[in-house]
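Enquirer: the sequence and its predicted three-dimensional model are supplied below.
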Amino acid sequence: MECQATTLKEMDSVFVSDFEVDFGSSENASLAYSSLAVDKELQPDKVKREMTVSDSKILVHFEATEARFLRASFSSMLDLMILATQFIEQFGGNNLV
């Protein structure tokens with residue numbers, strides 16, 4: 001698994017951050033996306049999260065009204081991403097790096 005995050009940006013009182021994870025194959029990315037997509041934001045009025053799959057990568061975009069909400073959402077998504085990766089590594093999926 002390869003992970004890349006961009007820096008925190010504040011745009012018009014909105015905090016924005018992006019990251020992408022390369023799962024090595026589109027099959028693994030789709031498996032991870034399917035398990036992560038059902039987890040919705042607890043405060044959608046304060047944090048907006050968009051996930052997309054592009055080939056073998058999952059791209060995640062965050063927008064939050066405060067830095068602390070962005071941090072909490074970003075951290076939670078990383079924890080879930082690690083869990084999904086461990087599941088794929090242990091129980092299947094192909095070409096996971």
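Expert: Everything's here; your move.

Enquirer: check which helices and strands the lengthiest helix in the chain sits against.
Expert: Criterion DSSP state H: the longest helix present in the chain is helix 67-91. Judged by 3 or more Cβ pairs under 8 Å, 6 or more residues apart in numbering; DSSP states H and E, the packing partners of helix 67-91 are strand 14-22, helix 26-36, strand 47-54, strand 57-64. (C-beta placed from N, C-alpha, C; glycine too.)

Enquirer: what about Thr85, how many neighbours?
Expert: By other Cβ atoms under 10 Å, 19 other residues sit near Thr85.

Enquirer: kindly report the same for Ala29.
Expert: Ala29 has 22 nearby residues by other Cβ under 10 Å.

Enquirer: surely it meets Asp55?
Expert: Yes - contact between Ala29 and Asp55 holds when scored by Cβ atoms under 8 Å: they sit 7.2 Å apart.

Enquirer: overlap of the contact sets of these two?
Expert: Common contact partners of Ala29 and Asp55 (Cβ atoms under 8 Å, 6 or more residues apart in numbering): none.

Enquirer: residue closest to the middle of the chain?
Expert: Centroid check for the chain by Cα atoms, centre = their mean gives Val60 as the closest residue, at 4.4 Å.

Enquirer: does it have beta-bridge partners, and which?
Expert: Residues in a beta bridge with Val60, per DSSP bridges, are Phe19, Met51.

Enquirer: got the contact list for it?
Expert: Contacts for Val60 (Cβ under 8 Å, 6+ apart) come out as Asp18, Phe19, Glu20, Val21, Arg49, Glu50, Met51, Met77.

Enquirer: and the gap between the closest residue to Ser30 other than its chain neighbours and Glu20?
Expert: Using Cβ to Cβ, 6 or more residues apart in numbering and skipping the chain neighbours, the partner closest in space to Ser30 is Val53 (6.1 Å). Distance of Val53 to Glu20, given as Cβ to Cβ, to the nearest Å: 10 Å.

Enquirer: before I go, just wanted to say thanks for your time.
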